[in-house]
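below are the sequence and a predicted model for it; my questions follow.
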Amino acid sequence: EVQNGEAMDATLRRQGPTLAPGLVLLKMGLVLVGLGFLMVWAGEGLPAQRPSLSAVVLTVLLYQAALYAAALRLQGTLAALGINITARQAFVIHLRSLFYFFFVPMSVGYEITRFIAVRRIDPAASVKQIVIALLMDRVLGLLAALFAMAALAGMVLPASVWSGIDLTWTLLGMLAALALGSAVMTHGPLR
């Protein structure tokens, strides 16, 4: 029974503090009301043609999906280096690190928050493991941004600029970078 109690204590420490459901709903409500006020305030400077409510809702949903995708990328990168966390923990880490990203200069707060949170969840993980995982997560984010930029370039660049870019070599170079990154992350000695 002592071992069961110790295992439960370890699990609770890994999960971190939890809030009562009522407090979570109150927090979410305050955030939504605050966002509403910010949108109205920011919208006062917009031209007369305002975005429709459905466009705003779609934008918010797409942004939440992007946040969740970044959290899953963090979870996968950490798992590749032997640090296992849940998707919920990765999402919380990502949101907290974004908060500190805006309040501590030069994105130092973003990385420090992620490092401390991962270290708190898995104290057995080495500093080297965490640092390499966080660095690889940043590189994967950069590659994802480059892929998105390449995919959307035809829609935003003028035809005269687009005609000078060889799409085949650009995409092959990006795929080679992705393959190299994948090899580094999956091959034990290189990792």
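Nice, thanks for sending it over.

touching stretch 82-93 from outside, list them.
For stretch 82-93, the surrounding residues in contact (Cβ atoms under 8 Å, 6 or more residues apart in numbering) are 15-16, 67-68, 71-72, 74-75, 78-79, 113-114, 117-118, 121-122, 125, 129-130, 133. For the C-beta atoms, the positions are set from N, CA and C on the backbone; glycine is no exception.

just the buried ones from those?
Among the contacts of stretch 82-93, the ones that count as buried by 16 or more other Cβ atoms under 10 Å are 71, 74-75, 78, 113-114, 117-118, 121-122, 125, 129-130, 133.

taking those residues one by one, which sit in helices?
Among those, the members falling in helices (DSSP state H) are 71, 74-75, 78, 113-114, 117-118, 121, 129-130, 133.

give me the number of residues near residue 73?
17 (other Cβ atoms under 10 Å).

kindly report the same for the one 3 residues further on.
By other Cβ under 10 Å, the residues close to residue 76 number 16.

now the helix or strand where residue 33 lies, how far from the centre of its chain.
Following DSSP states H and E, one finds residue 33 within helix 21-43. In terms of Cα atoms, centre = their mean, to the nearest Å, the centre of helix 21-43 is found 21 Å from the chain centre.

for that helix, which positions count as buried?
For helix 21-43, a neighbour-count test (16+ other Cβ under 10 Å) marks nothing as buried.

where are the low-confidence patches of this protein?
1-19, 43, 45-50, 104-107, 154, 157-165, 185-191 (pLDDT under 70).

quick one: the helices in it?
2-15, 21-43, 53-80, 87-103, 108-121, 127-156, 159-163, 167-186.

farthest pair in the ones in helices among the buried ones among the contacts of stretch 82-93?
71 and 129 (18.8 Å; Cβ to Cβ).
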